[in-house]
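Peer 1: I'd like to go over a predicted model; first the sequence, then the structure.
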Amino acid sequence: MSTGIPTLPAQRLDQLLANYGRDVARRRRQSLAVIAVLAVLAVTAGRYGEVDLGNLLHHLSGLTSYFGRILPTLRVEHLTGDIVDWYWNAFGWLRLLFDTVLIAYLATLAGTVGAGLLAFLAAANLAPSRTVRWCVKRVLEFCRTVPDLVFALIFVSAFGLGPLAGVLAIGIHTFGALGKLFTEVVENIDMDPVEGVRSTGGRFVDAARFGVLPQVLPNLASYALLRFEINVRASSIVGFVGAGGIGQDLFVAIRKFYYTDVSAILLMIILTVSVIDLVTERIRHRLAPVEGAG
Amino acid sequence: MSLRRAIFVDDPSAVLARHRLLLTKPWRRRAGEFATPVAVLGLALFSIWWLDVSFGQIGPGLAELGKFIALMVPPSTGGHLVLFLKSMGETLAIAFLGTLVTAVVATPLALLAAQNTTPSRFLRFPIRRLLDTIRGIDTLIWALVFVGVVGLGPFAGILAIAVSDIGSFGKLFSEAIEATPARERETVIASGGSRSMGIRFGLLPQVLPVIASQMLYYFESNTRSATIIGIVGAGGIGLQLSEQIRTYDFDQVAFIVGLILAAVAVIDWISGRLRFAIIGRRQVLA
């Protein structure tokens, strides 16, 4: 015996190998079936979606040159001049960007207040009646499923062009999205303080104010801040349909092929969003080192 | 809970004096609690002033909105049922193909962006920054760009969804890869496998269920995004929707919105079931 490794009897080994082979073959067949289904779906979808790979290849050079063209020409020898050229409208854009952030702020505030009030009616442990709860939940669902841009389109028709339509559209969407999260937060509270307030004769409002609110406030604030960051992105888009903010300028720049303007505005948006991301993350960490709030 | 305790106090004022700090707050905290709502409200008032939101707009606007809602009932197809259904199918096709392309492209990128599969910092760093940049740009902006590049139609929408999702999916998936324990991979390598075999047999089986469930989740969310990219001309139901809103055909708007809600609900349901089948209830919730 040269090796110390014991080997199984051939018969047993064959059986084990056969079992293994069968298992692997079964898994392979399953994977192949999944891939086949996906392929069939992809081809069907491709026909619906008018996918034309020839078209893509034809335009591929256009795509790369597009990204080449939106980049500004910056030369070392007159860098400042080139940057000034690139950001020729810096103050105008900064103003619009400020508008965008304020739109997001107002929308977040409105949505948070609305969601904070209704969450008490939608939470299973507090809801005064099942009918109220069901209705509130359906309203919230509707508000968060309809895309904010659709609301923006409708509001632009109703309220006219301008930031009001954007604030309302994003606010309603925020209301739906936060309403769901807030409801879940409220459903997870400790019920003892609520019983305490109730037992001393407090009404629903008193129980919500003194029994629930102190428990949930840090979490609600944290979610609201998270939403604020999402809303800044959204409010930079609603301008596409005329609802205020920097979106309008971006839309025009892309549509009219003002290449370097596109990159200038996009860079500003990305920077703003990341700064807000950083700031809100800091505040959120200070607010609620609670699990599940991140 | 049934435990009751009675406290007899001989000298209430002494007790009060001893626990004074529990009942009063330091002035700093008080000022903070007072200042936060004031600041929030002040900023709101400033925003209203800065954005020039006139409250005079709200009354007529609401009246107008009421008219729109009155026009919405009853929802009607306006004789365009086939067109709407076809556009909805197009939307689903955009979402599906967009998600599929995302999966195919983002998976290798994620492997390159994860620390445990790509030890080289010089390769990881640019790929991560690339993913960050892509993620910073909204789907709708990508749609607009691709309409400029490949022309109007659903193809631009597919590309927009695919590209914008590659950013977020690449990041998500690379985090999933980094979270896998190294033991399985080391086992494969220790028994004589190469590094790529370690990834194939030691790592992929661990992350594939996560990817699959994330893909289904993205398919859901892409169905929502695909409904709006039509507004900028990138195909799907959004085009019909924005047309009907612009021409004030609100009965048809209501029908389309209902169609979208129904489609999203069905997709939610199906993908919820599939996810449940793939990774089990617990992880779906988590």
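Peer 2: On my side now, so go ahead.
Peer 1: pull the helix or strand with minimum mean pLDDT from chain B.
Peer 2: helix B:281-285 (a mean of 45; mean pLDDT, DSSP states H and E).
Peer 1: Could you spell out which stretches of chain A belong to which domain?
Peer 2: A:10-51, A:87-287 (automatic domain parsing).
Peer 1: just how off-centre is the first one within its chain?
Peer 2: Its chain's C-alpha centre lies 35 Å from the corresponding centre of domain A:10-51 when counted by CA atoms, centre = their mean, to the nearest Å.
Peer 1: before we move on, back to that, could the domains of chain A be laid out in a markdown table, adding distance to residue B:121 and mean neighbour count?
Peer 2: To be clear about C-beta, it is placed using only N, CA and C from the backbone, and glycine gets the same treatment. A markdown table is the format used below for these (distance: least, CB to CB, whole Å; neighbours: other CB atoms under 10 Å in any protein chain shown):
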| stretch | distance to residue B:121 | mean neighbour count |
| --- | --- | --- |
| domain A:10-51 | 34 | 12 |
| domain A:87-287 | 22 | 20 |
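Peer 1: now those domains as TSV including distance to residue B:129?
Peer 2: Formatted as TSV, the domains of chain A follow (distance: least, CB to CB, whole Å):
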stretch	distance to residue B:129
domain A:10-51	30
domain A:87-287	11
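Peer 1: okay, the ones you listed in a markdown table with mean pLDDT and distance to chain B next?
Peer 2: Formatted as a markdown table, the domains of chain A follow (pLDDT from 0 to 100; distance: least, CB to the nearest CB, whole Å):
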| stretch | mean pLDDT | distance to chain B |
| --- | --- | --- |
| domain A:10-51 | 87 | 4 |
| domain A:87-287 | 88 | 4 |
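Peer 1: Between the ones you listed, which one is closest to residue A:58.
Peer 2: Of all the domains of chain A, domain A:10-51 sits nearest to residue A:58, with 13.3 Å by CB to CB.
Peer 1: pLDDT value on the closest residue in space to residue B:189 that isn't next to it in sequence, please?
Peer 2: Nearest in space to residue B:189, with sequence neighbours left out and distances taken as CB to CB, 6 or more residues apart in numbering or on different chains, is residue B:198 at 4.7 Å. If you check residue B:198, the pLDDT there is 87.
Peer 1: could you check the distance from residue B:198 over to residue B:116?
Peer 2: 10 Å (CB to CB, to the nearest Å).
Peer 1: More neighbours: these two, which one.
Peer 2: Ranked by neighbour count (other CB atoms under 10 Å in any protein chain shown), residue B:198 and residue B:116 place residue B:198 first, with 21 against 16.
Peer 1: residue nearest the centroid of chain A?
Peer 2: residue A:230 (5.6 Å; CA atoms, centre = their mean).
Peer 1: just to revisit the earlier point, please name whichever of the domains of chain A is nearest to residue A:69.
Peer 2: Taking the domains of chain A one by one with CB to CB, domain A:87-287 is closest: 4.4 Å.
Peer 1: Find residues that contact each of residue B:198 and residue B:116.
Peer 2: residue B:185 (CB atoms under 8 Å, 6 or more residues apart in numbering or on different chains).
Peer 1: got a list of what residue A:164 touches?
Peer 2: Applying CB under 8 Å, 6+ apart, the residues contacting residue A:164 are A:155, A:244, B:51, B:53-54, B:57-58, B:61.
Peer 1: Please convert those to TSV, extending it with distance to residue A:200.
Peer 2: Listed next are the contacts of residue A:164 as TSV, based on distance: CB to CB, whole Å:
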residue	distance to residue A:200
A:155	45
A:244	48
B:51	45
B:53	43
B:54	46
B:57	46
B:58	41
B:61	45
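Peer 1: Now the buried members of those.
Peer 2: A:155, A:244, B:51, B:53, B:57, B:61 (16 or more other CB atoms under 10 Å in any protein chain shown).
Peer 1: Please look at the second one and residue A:160 and confirm they touch.
Peer 2: No. Shown here, residue A:244 and residue A:160 do not form a contact pair, counting by CB atoms under 8 Å, at 10.8 Å.
Peer 1: okay, now residue B:246: neighbour count?
Peer 2: Using other CB under 10 Å, residue B:246 has 12 other residues around it.
Peer 1: Quick check: it vs chain A, distance?
Peer 2: 8 Å (CB to the nearest CB, to the nearest Å).
Peer 1: Can you tell me which residues in the stretch 101-250 of chain B are near chain A?
Peer 2: B:133, B:136-138, B:140-141, B:144-145, B:148-151, B:153-155, B:157-159, B:224-225, B:227-228, B:231-232, B:235, B:241-242, B:245-246, B:248 (CB under 8 Å from any CB of the partner chain).
Peer 1: which of the residues you listed count as buried?
Peer 2: B:136-138, B:140-141, B:144-145, B:148-150, B:153-155, B:157-159, B:224-225, B:227-228, B:231-232, B:235, B:241-242, B:245.
Peer 1: Can you pick out the ones from these that are in strands?
Peer 2: For these, not one is inside strands, with DSSP state E as the criterion.
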